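Participant: next input, structure requested:
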Amino acid sequence: MESKLLKYFWFIFTPILAIGILFWLTPYFKGLIEINPVLLDLGWVTIYWYGVFLLTGTVLGLWWLIKQTKKTILESHILNLIPIVILSGIVGARAVFVILKWSDFSSNLASIFSLQGGGVSIHGALIFGAIAILIYAKIYKLSPLKIFDVWVPAVLIGQIVGRFGNFFNQEAFGPPTNLPWKMFVKESLRPEGFENINFFHPTFIYSAIGLSLILIIVILLKRYQLKPGTVLWIYIVTYSLLRIFIEFFRIDSDYWGGFTVAQWASLLIVSISLATGLILKYKIKPKL
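Facilitator: Here you go, the predicted model:
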C-alpha cells in the first residue's frame with residue numbers, strides 16, 4: 001500500500017514541480033529579469049546554477065537507482081558502482097567536450113579542469129560510464145546488460161534535471177522564434193549574426209520533454225519480463241533519435257559536413273543498435 005501511495009505521489013508531484021519551475025522561470029524567459037549563472041559567490045568558491053542542477057539530477061537519479069535495486073541481488077554491486085561510474089562519467093564528459101573544443105582550451109590548459117560553468121558532453125559521460133560498468137561486470141562475472149537496464153532510468157532522471165542548467169548558462173538554444181515559449185538570450189551570448197535578435201527556441205525544454213517521455217516508456221516497460229538489454233537498447237535508440245531531432249534546433253553546435261557532430265554520433269549509434277537488435281532477434285549471423 002505504501003509503495004502504491006509513493007508511486008502516485010511522484011506522478012502527481014512531478015508535473016506540479018515542473019509547472020512550478022516553469023512559472024518561476026517565466027520572467028527570465030521574457031527577459032524581464034537578467035539571468036545570472038552564478039547562484040552563490042563566496043569569494044573562495046563560486047557555486048553555479050549549472051553545477052547545482054547537475055548535482056540535483058545526479059542525486060535524484062541515484063536515489064531512484066538505489067530504491068529500485070534495494071533487497072535485490074544487485075544491491076551491493078550498485079552501491080559499489082555508483083562512485084566508480086560517477087567519476088568515470090565526469091572524466092568522460094569533460095574529456096570528449098575538450099577534444100571537440102580543443103581550440104578553446106589549447107591556450108589555457110588549466111581551464112580544462114574547471115567544470116563549474118559547464119562544458120560537458122553527454123556522449124562522453126555515457127561512454128565512459130558504460131566502460132566502467134563493463135569492466136566491473138567482467139571482474140565480478142555479472143551480466144552487464146542487467147546492470148545497464150536498471151541504470152537507464154537513473155541516467156534519464158539526471159539528464160532531465162541537468163538540462164535546466166543549460167538555461168542558466170544561456171547555451172544550447174535554437175534559432176530565433178516568436179513562439180509563446182520563446183527564450184530571451186542576452187546580447188553578449190548571442191551567436192554571430194544574431195546580435196539583434198532577442199528570443200530563441202529553448203531547446204533544453206524540448207530535450208527535457210523528450211527525455212521525460214522516454215523515461216515514462218522505460219518505467220512502463222519494467223512491468224514486463226524483458227530480455228536483458230532491452231531497456232538499454234530502447235534508451236539508446238530513442239535518445240539518439242531525440243538528439244538528432246534536437247540538433248536541428250541548435251545553432252551553436254559544431255558541424256561535420258551537413259550534420260552536427262552529435263548527429264553523426266547519434267546516427268552511428270542508431271545504425272549499430274538497429275543492426276545489433278535485428279541480429280539478436282532473428283539470430284542472423286552476419287557474413288564476414
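Participant: any idea of the mean pLDDT for the helix or strand where residue 24 lies?
Facilitator: Using DSSP states H and E, residue 24 sits in helix 2-29. Mean pLDDT, helix 2-29: 68.
Participant: who's in contact with the residue most central in space within the chain?
Facilitator: Nearest to the geometric centre of the chain sits residue 159, at 3.0 Å (CA atoms, centre = their mean). Residues in contact with residue 159 (CB atoms under 8 Å, 6 or more residues apart in numbering) are 57, 122, 207, 211. (Glycine included, C-beta is placed from N, CA and C.)
Participant: from residue 55, how far off is it?
Facilitator: Separation of residue 159 from residue 55 (CB to CB, to the nearest Å) stands at 14 Å.
Participant: strands of this structure, residue ranges please.
Facilitator: 38-41, 46-48, 183-184, 199-200, 255-256, 259-260 (DSSP state E).
Participant: circling back to that earlier point, residue 92: which of the contacts of residue 159 is nearest?
Facilitator: residue 122 (9.7 Å; CB to CB).
Participant: got a pLDDT number for that closest one?
Facilitator: Per-residue pLDDT puts residue 122 at 77.
Participant: number of nearby residues for it?
Facilitator: 21 (other CB atoms under 10 Å).
Participant: that one against residue 92, yeah?
Facilitator: No - using CB atoms under 8 Å, residue 122 is not in contact with residue 92, being 9.7 Å away.
Participant: mutual contacts of these two, please.
Facilitator: Joint contacts of residue 122 and residue 92 (CB under 8 Å, 6+ apart) do not exist.
Participant: what sits closest to residue 91 if chain neighbours are left out?
Facilitator: Closest residue to residue 91 apart from its sequence neighbours, by CB to CB, 6 or more residues apart in numbering: residue 128 at 5.9 Å.
Participant: report the contact partners of that neighbour.
Facilitator: Residue 128 touches 88, 89, 91, 92, 93, 95, counting by CB under 8 Å, 6+ apart.
Participant: let's see 7 Å
Facilitator: Applying CB atoms under 7 Å, 6 or more residues apart in numbering to residue 128 gives the contacts 88, 89, 91, 92.
Participant: run a quick neighbour tally on the last one.
Facilitator: Applying the criterion other CB under 10 Å, we find 23 residues in the vicinity of residue 92.
Participant: against residue 60, how distant is residue 163?
Facilitator: 13 Å.
Participant: look at these two and report which has more neighbours.
Facilitator: Higher neighbour count among residue 163 and residue 60: residue 163, with 24 against 15, using other CB under 10 Å.
Participant: contacting residues around the more buried one?
Facilitator: Going by CB under 7 Å, 6+ apart, residue 163 touches 204, 207, 208.
Participant: could you redo these as a markdown table and give each row neighbour count?
Facilitator: As requested, the contacts of residue 163 are arranged in a markdown table below (neighbours: other CB atoms under 10 Å):
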| residue | neighbour count |
| --- | --- |
| 204 | 22 |
| 207 | 24 |
| 208 | 20 |
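Participant: which of these lies closest to residue 20?
Facilitator: For the contacts of residue 163, the closest approach to residue 20 (CB to CB) belongs to residue 208, at 14.5 Å.
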